[in-house]
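A.B. asks: Fold the following.
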Amino acid sequence: MTALGNERLRTRTGEFSFDRESRIVRFDVDEGVVQTLADARENIAAIKRFSKGALYPLLCDLTRCKGTDPDARNYYASDEATQAYRAMALLGGRPVARMVGNFFLAVYGNRARPIRLFGEERAAIQWLTVFVN
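C.D. replies: Numbering: from 1, shown residues only. Presented below is the predicted three-dimensional model:
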């Protein structure tokens, strides 16, 4: 697996970083963002560039996200998008973020990659470490 360092990668809706201790990629969504299809495409392309073609577990922090439109959700669930990570933990603290996460799981769960929703970051990271190579 390609070793990642301290680099970060910004998109319109958030920032990718690598947690060296847990060996997972993080995507922290910016405050008040509503993700569109264009944003979803940009974010998936960004994680592929960021991870240099390797598959890592992904922690997607939605705690500050305002929402994700239906076209973006459909794209995030596509085969193209799910090939960008090994497993994904959705972290949702706000009721709206948890609602978006629960909706995503209800419609798209149990696809090509394991996906789970968490309310606490520690539990999400612990679950993702099972998928570290």
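A.B. asks: I'd like the distance between residue 77 and residue 115.
C.D. replies: 9 Å (C-beta to C-beta, to the nearest Å). For glycine as for every other residue, the C-beta is placed from the backbone atoms N, C-alpha and C.
A.B. asks: got a list of what residue 9 touches?
C.D. replies: Applying C-beta atoms under 8 Å, 6 or more residues apart in numbering, we find residue 9 in contact with 15, 16, 17, 46, 49, 50.
A.B. asks: A helix includes it, no?
C.D. replies: No. Residue state for residue 9 (DSSP: H, G, I helix; E, B strand; the rest coil) corresponds to strand; a helix is not indicated.
A.B. asks: rewinding a little: type out the PyMOL command that picks the buried ones from the contacts of residue 9.
C.D. replies: Selecting only the buried entries of the contacts of residue 9 in PyMOL, with 16 or more other C-beta atoms under 10 Å as the criterion:
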select buried, resi 15+16+17+46+50
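A.B. asks: Filter the contacts of residue 9 down to just the ones in helices.
C.D. replies: 46, 49, 50 (DSSP state H).
A.B. asks: Tally up the residues packed near residue 10, please.
C.D. replies: 10 (other C-beta atoms under 10 Å).
A.B. asks: need the contact list for it.
C.D. replies: Shown in contact with residue 10 (C-beta under 8 Å, 6+ apart): residue 16.
A.B. asks: distance of it from residue 28?
C.D. replies: Residue 10 is 10 Å from residue 28, by C-beta to C-beta.
A.B. asks: Residue 77 and residue 115: who's more crowded?
C.D. replies: Between residue 77 and residue 115, counted using other C-beta under 10 Å, residue 115 has the larger neighbour count: 22 against 18.
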